[in-house]
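A.B. asks: generate a structure from the sequence data that follows.
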Amino acid sequence: MEQLQCQDNFSKEGLELIWHSRLLKDYPDLNGEKRQSIIRWLLGENLDGFDELTPRQLAIAQQMMDYRYRILQQRYLEVEPLQAYGNLINRLGLLVMLCPKIRSWVSLGQKRQKIVANLIRETVEQILKGDRYLQQQMTWIQQFTQDSGLRNALLLSSLEEYCSQSICHKPLLARRIMELLH
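C.D. replies: This next block holds a predicted model:
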């Protein structure tokens, strides 16, 4: 991401301009409506909140936007829905395997790999159906894009980001899988 050189670029408008030019450079064929929807998703729901952040908080917010964009760009944007879902499950499988207890449990047999893969799918379904934050994200994403492919890409990116969050030094998804295995 372009380094933000001056304080003015940390305003909502400055960030919108930076992301607009970045998306234009990375995806020149992307239509304006999709580009605006991605920018809206990257900036988040509370656009007025940028005015209240300190320079350090703004820099952290920019890093989070960069992280979200990389997730979207690397695995979901302009990818067919079935392939995008496969990308999500593969990525979450890698995250779960970071947990030594799960890794050693899986190493005891190939059947266990399938069990963990099924647990990942089931846990993702549970999160999508029952987690308030993800429910709110789905509703919010639907408000600013009518494109089902883009909606899917943004939701899968949000889901990966959410499942990757560290809770007690483990990804959230790994903690949930551990609870199911015990």
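A.B. asks: in the protein, which spans are helices?
C.D. replies: Using DSSP state H, the helices assigned to the chain run over residues 12-26, 32-43, 55-71, 81-96, 100-106, 110-130, 132-144, 148-164, 172-181.
A.B. asks: list the buried residues for stretch 165-175?
C.D. replies: 170-175 (16 or more other CB atoms under 10 Å). Backbone N, C-alpha and C define where each C-beta goes, glycine included.
A.B. asks: what residues does it touch?
C.D. replies: Contact with stretch 165-175 is made by 92, 95-96, 98-99, 102, 120, 123-124, 162-164, 178, as judged by CB atoms under 8 Å, 6 or more residues apart in numbering.
A.B. asks: same check, this time on stretch 150-161
C.D. replies: 34, 37-38, 41, 67-68, 71-72, 75-79, 81, 84-85, 87-88, 91-92, 124, 127-128, 134, 137-138, 141-142, 145.
A.B. asks: now stretch 68-80
C.D. replies: Taking contacts as CB under 8 Å, 6+ apart, the residues outside stretch 68-80 that touch it are 1, 19, 22, 26-27, 38, 41-42, 84, 87-88, 91, 149-150, 152-154, 156-158, 160-161.
A.B. asks: ok so, going back, what's the most distant pair in the contacts of stretch 165-175?
C.D. replies: Put simply, by CB to CB the two of the contacts of stretch 165-175 set farthest apart are I102 and Y162, 18.8 Å from each other.
A.B. asks: quick one, domains of the protein?
C.D. replies: The chain breaks down into these structural domains: 1-78, 80-182 (assignment by automatic domain parsing).
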